[in-house]
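>>> Using only what follows, build the 3D model:
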Amino acid sequence: MYAIVEIAGQQFKVSKDRKIFVHRQEGEAGGKLSFNQVYLIEDDGNIKVGTPVVEGASVNASIISHVRGDKVLIFKKKRRKGYQKLNGHRQDFTQILIEDITV
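This is a model prediction of the structure:
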């Protein structure tokens, strides 16, 4: 059984007992989350597609930890002008464990 769910503006294919990284969510480690934007559910070959969401469906998850991603370097340069700029960014992520998918 799997589902397509929207979490923080992005769509993920999730199934039970799967760990995924999503954009930073509110809550402490060990806290519970529930997502109601379920677009598709597949259960043993039986597929339910929402218009736009599946009514009454939700995905429950628990927060494992809050982490930061790898550093991404942004380098800008204009040739022959003596201009160089180096900038870096680290994205905040939340690791969650999908506990169950309810229809």
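
>>> tell me which element the spatially most central residue of the chain is part of?
Within the chain, the residue whose C-alpha comes closest to the C-alpha centroid is V22; the distance, by CA atoms, centre = their mean, is 3.0 Å. Secondary structure assigned from DSSP states H and E places V22 in strand 19-23.

>>> tell me which residues in the helix or strand following that strand are buried?
Towards the C-terminus, the helix or strand next in line after strand 19-23, according to DSSP H and E, is strand 32-35. When neighbours are counted by 16 or more other CB atoms under 10 Å, the buried residues of strand 32-35 are found to be L33, F35. Any C-beta I mention is one placed from the backbone N, CA and C, and that applies to glycine too.

>>> So which other helices or strands are in contact with strand 32-35?
If you count contacts as 3 or more CB pairs under 8 Å, 6 or more residues apart in numbering; DSSP states H and E, strand 32-35 packs onto strand 2-7, strand 58-68.

>>> Give me the contacts around it.
V5, E6, I7, Q25, G27, S58, V59, N60, A61, S62, I63, I96 (CB atoms under 8 Å, 6 or more residues apart in numbering).

>>> re the thing from before, from Y39, how far out is the residue nearest to the centre of the chain?
16 Å (CB to CB, to the nearest Å).

>>> Sheet-wise, list the partners of the helix or strand containing I96 with their directions.
Element membership for I96 (DSSP H and E) is strand 92-102. Here strand 92-102 is paired, per DSSP bridges, with strand 19-23 (antiparallel), strand 58-68 (antiparallel).

>>> Run through who's touching it.
Counting by CB under 8 Å, 6+ apart, residues outside strand 92-102 touching it are 1-3, 14-25, 33, 38, 41, 56-69.

>>> Pull out the buried residues from these.
Under a neighbour-count criterion of 16+ other CB under 10 Å, the subset of these counted as buried comprises 3, 14, 20, 22, 25, 33, 38, 41, 57-59, 61, 63.
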